[in-house]
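>>> model this:
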Amino acid sequence: MTNKNNYNIISLLIGRIGTNVADSLFYMAILWYFKTHFNSPMLLSVIFITESSIDMFSFTLGPIIDRIDIKKALKLVTIIQAMLSIIIIPLFNNQKLHFLGITFLIVVYVLSTIGSTLIYPAEDKILPNIIEKKELPRVNRIFQMSYQTLDLFLNAGATILITFLSIKNTIIISALVFAFALLFYTRLHFKLPNTSSPEGNTRYFKDLVSGWQALRTNKNILILILPFALTNLFYGISSVGLPYFATKYLNNSALSYGSLELASSIGGLLGSLIVQRLYVKDSQLRLLIVTCLMLSGLAIILEVITAPIWPILILIFALCSTFWISIMNINFKVLVQESFPSNLLGRIITINSSIVNCMIPIGSFLGGFIVKNYGARPAIILEGVAQLVTAVFYLIMFLKRKRA
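You can find the predicted model right below:
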């Protein structure tokens with residue numbers, strides 16, 4: 001890699017880390033505000049439904065990501081996110097928000113999340129254009145390791161800030177970190193292939209369809225992502241239960257949820273550390289997917305079973321689960337980057353995300369109902385069972401294809 005490419009990679013990495021930090025602080029503050037001020041699993045599920053619904057419709061942003069000036073988009077979106085954080089600060093002075101205040105808070109959260117949905121695929125689109133194909137696994141590993149290392153401090157740090165500095169001050173810090181990320185996005189210097197068209201907006205739907213057609217023709221990738229849509233229904237259910245599960249068995253404060261997220265981040269970091277040794281393709285990738293899902297699902301089930309007996313095991317099994325999921329996800333990410341041309345990556349990545357996440361909003365709604373009526377444990381154990389069932393489904397499917 002040239003010095004210029006190294007400069008761009010470092011600037012992109014630091015900018016994305018800044019966005020990730022600010023995003024997480026903003027998210028955790030809103031999440032914990034809803035949990036502590038309203039104490040309603042159904043209302044808390046609104047946050048998860050909102051986030052996952054945006055992910056579900058992210059495919060509509062694909063043609064935009066492929067056609068806009070990515071550097072300008074990174075800067076503009078980050079400015080808007082910082083402004084949104086500032087706008088809602090006065091709301092936290094009111095201990096009892098009325099309906100309009102709650103609605104406004106959710107709208108701001110929606111807009112900020114849409115901004116992140118635009119920014120995150122930019123990395124996947126930029127990297128194949130500024131580094132050689134053979135460098136993709138290594139650079140993706142560096143990026144993922146950086147995020148996971150950061151999360152070790154971020155998840156615990158966010159809950160510490162919320163506990164000791166207040167939700168309002170956490171939002172102020174998130175605005176400052178968005179501004180920090182903006183400084184590094186302005187330092188990016190690269191040129192992507194020109195994808196503009198004289199037809200302008202009239203090509204939007206054609207671009208959308210062409211992205212889907214490209215994905216549909218790649219059966220190896222399509223067959224891998226479709227079952228995850230159903231699996232993520234149960235992820236949505238589990239997400240609503242986790243804050244209540246953590247406060248019941250670990251500690252009755254935001255620190256308990258932060259500890260659970262911290263353990264998950266350690267697992268993700270360990271997975272990204274060894275993923276280069278486990279970067280596989282074709283039949284080996286299929287075996288890896290089955291193995292990772294089985295071991296992750298088993299860890300989640302054991303996490304729930306052992307919680308009342310020995311709560312510390314919750315953290316250990318949470319670590320184990322994300323360890324295996326991290327290995328699987330990074331291998332899949334590289335597979336997608338290698339399988340499609342850069343001018344289609346924005347559409348492919350967002351379509352993938354939409355397919356995989358399409359059931360999470362339903363799961364989040366069901367999660368609110370399940371947690372309210374049956375508690376957090378059933379909500380979480382369902383995710384583990386779903387992962388085991390998906391692993392068995394993949395195993396049967398791969399064996400049939402091998403015999404065919």
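>>> so residue 299 sits right up against residue 321, yeah?
Yes - judged on C-beta atoms under 8 Å, residue 299 makes contact with residue 321 at a distance of 4.1 Å. Placement of C-beta: from N, CA and C, glycine included.
>>> compare the two (neighbour count), which wins?
residue 321 (27 against 22; other C-beta atoms under 10 Å).
>>> the more buried one: what's it in contact with?
By C-beta atoms under 8 Å, 6 or more residues apart in numbering, the contact set of residue 321 is 264, 267, 296-297, 299-300, 303.
>>> which one of the residues you listed is nearest to residue 217?
Taking C-beta to C-beta as the measure, residue 217 lies nearest residue 296 of the contacts of residue 321, at 29.9 Å.
>>> give me the distance between residue 245 and residue 238.
Relative to residue 238, residue 245 is positioned 9 Å away (criterion: C-beta to C-beta, to the nearest Å).
>>> err, residue 381, not the other one
Distance of residue 381 to residue 238, given as C-beta to C-beta: 8 Å.
>>> among the two, which residue is more densely surrounded?
Each of residue 381 and residue 238 has its neighbours counted (other C-beta under 10 Å); residue 238 has more, 28 against 21.
>>> next up, identify which helix or strand that one is on.
Element membership for residue 238 (DSSP states H and E) is helix 219-249.
>>> now do the helix or strand following that helix, average pLDDT.
Counting by DSSP H and E, the next helix or strand C-terminal to helix 219-249 is helix 254-274. For helix 254-274, mean pLDDT rounds to 80.
>>> same check, this time on stretch 336-349
Average pLDDT, stretch 336-349: 70.
>>> endpoints of it, how far apart?
End-to-end span of stretch 336-349 (C-alpha to C-alpha, to the nearest Å): 8 Å.
>>> just the pLDDT for residue 129.
70.
>>> hang on, it packs against residue 122?
No - assessed by C-beta under 8 Å, residue 129 is found out of contact with residue 122, at 11.0 Å.
>>> compare the two and say which is more crowded by neighbours.
residue 122 (24 against 16).
>>> from residue 190, how far out is the residue nearest to that one when sequence neighbours are not counted?
Using C-beta to C-beta, 6 or more residues apart in numbering and skipping residues adjacent in sequence, the residue nearest residue 122 is residue 70, 5.1 Å away. According to C-beta to C-beta, residue 70 and residue 190 sit 9 Å apart.
>>> neighbour count: the two, which is higher?
residue 70 (23 against 16).
>>> separation between that one and residue 126?
Residue 70 is 6 Å from residue 126, where distance means C-beta to C-beta.
>>> got it, and residue 243?
Taking C-beta to C-beta, one finds residue 243 at 34 Å from residue 126.
>>> same question for residue 359.
Going from residue 359 to residue 126 by C-beta to C-beta gives 30 Å.
>>> packing partners of the strand or helix carrying residue 387?
Taking DSSP H and E as the definition, residue 387 sits inside helix 376-403. Helices and strands touching helix 376-403, by 3 or more C-beta pairs under 8 Å, 6 or more residues apart in numbering; DSSP states H and E, are helix 219-249, helix 282-306, helix 360-374.
>>> pipe the ones you listed into a markdown table and attach mean pLDDT and distance to residue 50 per row.
Output for the helices and strands packed on helix 376-403, formatted as a markdown table (pLDDT from 0 to 100; distance: least, C-beta to C-beta, whole Å):
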| stretch | mean pLDDT | distance to residue 50 |
| --- | --- | --- |
| helix 219-249 | 81 | 12 |
| helix 282-306 | 86 | 24 |
| helix 360-374 | 86 | 8 |
